[in-house]
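Participant: Below are the sequence and a predicted model; questions follow.
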Amino acid sequence: MYFLLKFVVYAFVVGVVASLTIEERDEANWGGDNASSDTSITNFTIEFEDEVVKDLLYRINNRRKLTPPLKDSAFTYGFNSDQLPDWMNYWANTYNFAERVQYLNQYTHYKTYVQGLGIHFLRVTPEVSSDVEVVPLLLLHGWPGSVREFYDAIPLLTAVSSDRDFAVEVIAPSLPGFGFSDATSIQGLGATEMATVFKNFMKQLGYNQFYVQGGDWGGFIGSMIATLYPDVVLGYHTNFAIAISPLSFATWFAGAVSPSLVADTSVQDRLYPLLTTLPWMMRETGYLHLQSTKPDTLGPAMESPTGMLSYILQLFSMSSRRENVDKTDGGLDLFTKEQLLDNLMIYWITNSFTTSSRLYAETFNTRNLLEGIWATPTSVPTWTAHTKHEMIYMSPAMLKSKFTNLINSTIFDDYGHFFAFEQPDEYSNEVLNAISAFRDYRAKSDTCQLI
Ligand SMILES: *[C@@H]1O[C@H](CO)[C@@H](O)[C@H](O)[C@H]1NC(C)=O
Ligand SMILES: *[C@@H]1O[C@H](CO)[C@@H](O)[C@H](O)[C@H]1NC(C)=O
Ligand SMILES: *[C@@H]1O[C@H](CO)[C@@H](O)[C@H](O)[C@H]1NC(C)=O
């Protein structure tokens, strides 16, 4: 209901670009003036250039005096400014730029052009013996995240185990407009268009079929790849399972009268009472409204590192635990400062706050509402993971109209929105279980077809 409401509101605000046919999606060139048709793959190295670091330190050290927070307000009015000096001092004086950039470069990074646009990615291939099959997994991050979210999970996902007859090759790109991938200069590159970019990206790398995993925007884009190109997706796993369809929201609403029709008793409190869940969403998702309508107004404010840190880290706080809003430190110690600052550095050095925020405006608009792709069902085998503090919970009853082959939904009684970042062990275990199940499912349905 909430998303429908937002779509309706945005319908009058943005989204003047016409929708594309499936052929036009493939042919779209998002490169603009800098378009390149060079599809070769080149190595890429992240650099924290001296000039950029010097400039960052200057801005941190010359920040204006902050407005004190209201008494005992914790994070309820936003990032508590009493916490900011420590964060800014840590970033300037303790965060070890030289070490961190080395850390970020521990995996081999690559760049190639897809539909005219430079796409940056990590690719980690396990070394296996001949009886083990290597299967490709496209890992998609979201906003305000980056490929950094997957750093601790990658060795676990790509580990070779005698328990499995397969090993996973991870391909983790930066979304267009995020981090080291190029931003487009053309209107209309939303989540569904990115789905085509990544289908073509995988094809260029030599994969006609692959598994997809993602949370946040990565979950949406993955869902769109599964919807537009069901034949290329061997299985779709997401820790942000949302079906943006009238039926799914109607089901949610109907459940307000009779929750047990919609969800198991153990998870009903993730949906109801609506008088708790909907106001919570309204209160905590102002960023979404702003970025869906005026990302370019917001962007320039982020040339202050203090501003960008408080804006982005407040969202890490909010989306990780419901109770964080009442904690003086926002509960950010769920992550190390290095984890959070590495991710911020990716936004900072690439100056990608504005371009990444535009994804909201390019997706939540009339064009997307009218296209109906969001609500179009997909038969791709799907497995969903639901952490306790995820911003929205959708039960199998709500998801099945979209994901007709929903083979499993794992309920976690803890954890938040940044599942891979926060719990790489649980996350990797979950994703590997899902891939095993997708393989079994396909083996079974192939046998059925033979019979
Ligand atoms: C094209 O690339 C140049 C150099 O990287 C960059 O400065 C410029 O902003 C880009 N133009 C567009 C339209 O993206
Ligand atoms: C690219 O990186 C790979 C892996 O580190 C390395 O083997 C290869 O030599 C590099 N290629 C170039 C052109 O530097
Ligand atoms: C669904 O997931 C749970 C938890 O990971 C697992 O115990 C169960 O076997 C799975 N079911 C199927 C059909 O794979």
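Facilitator: Great, that's in hand. Numbers count the residues shown, from 1 in each chain. Ligands and ions are numbered 1, 2, ... in the order given.
Participant: did I read that right, residue 74 in a helix?
Facilitator: No: according to DSSP: H, G, I helix; E, B strand; the rest coil, the state of residue 74 is coil, so it is not within a helix.
Participant: contacting residues around it?
Facilitator: Each residue near residue 74 by C-beta atoms under 8 Å, 6 or more residues apart in numbering is listed here: 80, 325, 326, 327, 328, 330. For every residue, glycine as well, the C-beta is placed using N, CA and C.
Participant: Scan those residues and report the most crowded one.
Facilitator: Tallying neighbours with other C-beta atoms under 10 Å puts residue 330 at the head of those, with 24 neighbours.
Participant: Wait, that one touches residue 310, no?
Facilitator: No: with contacts counted by C-beta atoms under 8 Å, residue 330 stays clear of residue 310, the gap being 9.8 Å.
Participant: which neighbours do those two share?
Facilitator: Applying C-beta under 8 Å, 6+ apart, one finds that residue 330 and residue 310 are jointly contacted by residue 79.
Participant: Closest residue of this protein to ligand 3?
Facilitator: As assessed by C-beta to the nearest ligand atom, ligand 3 sits closest to residue 408 within the chain, at 3.7 Å.
Participant: Quick check: buried residues in the helix or strand hosting that residue?
Facilitator: For residue 408, the element it lies in under DSSP states H and E is strand 406-411. Neighbour counts using 16 or more other C-beta atoms under 10 Å place 406, 408, 409, 410, 411 of strand 406-411 among the buried residues.
Participant: Let me have those residues in JSON lines, adding pLDDT and distance to ligand 1 as columns.
Facilitator: Formatted as JSON lines, those follow (pLDDT from 0 to 100; distance: C-beta to the nearest ligand atom, whole Å):
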{"residue": "406", "pLDDT": "98", "distance to ligand 1": "40"}
{"residue": "408", "pLDDT": "98", "distance to ligand 1": "42"}
{"residue": "409", "pLDDT": "98", "distance to ligand 1": "41"}
{"residue": "410", "pLDDT": "98", "distance to ligand 1": "41"}
{"residue": "411", "pLDDT": "98", "distance to ligand 1": "44"}
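Participant: Determine which two of those residues are furthest apart.
Facilitator: 406 and 411 (13.5 Å; C-beta to C-beta).
Participant: Quick check: closest non-adjacent residue to the residue of the chain closest to ligand 3.
Facilitator: Nearest residue to residue 408, sequence neighbours excluded (C-beta to C-beta, 6 or more residues apart in numbering): residue 383, at 4.8 Å.
Participant: and the one you found, that's in a strand?
Facilitator: Yes: with three-state DSSP as the criterion, residue 383 is assigned to a strand.
Participant: beta partners for it?
Facilitator: Note on residue 383: beta-bridge partners by DSSP bridges are residue 237, residue 408.
Participant: what's the burial count for it?
Facilitator: For residue 383, the count of nearby residues is 25 (other C-beta under 10 Å).
Participant: Residue 105 too?
Facilitator: For residue 105, the count of nearby residues is 13 (other C-beta under 10 Å).
Participant: Please apply the same query to residue 102.
Facilitator: Neighbour count for residue 102, taken as other C-beta under 10 Å: 12.
Participant: tell me which element it falls in.
Facilitator: helix 97-104.
Participant: buried sites along that helix?
Facilitator: 97, 100, 101, 104.
Participant: Then stretch 372-390?
Facilitator: 373-375, 377-378, 380-390.
Participant: Let me see the mean pLDDT of it.
Facilitator: Regarding stretch 372-390, the rounded mean pLDDT is 95.
Participant: How far away from the center of its chain is that stretch?
Facilitator: From the chain centre to the centre of stretch 372-390 is a distance of 14 Å (C-alpha atoms, centre = their mean, to the nearest Å).
Participant: Which neighbouring elements make contact with whichever strand or helix holds residue 222?
Facilitator: Following DSSP H and E, one finds residue 222 within helix 216-228. Applying 3 or more C-beta pairs under 8 Å, 6 or more residues apart in numbering; DSSP states H and E, we find helix 216-228 packed against strand 133-140, helix 191-204, strand 210-214, strand 233-238.
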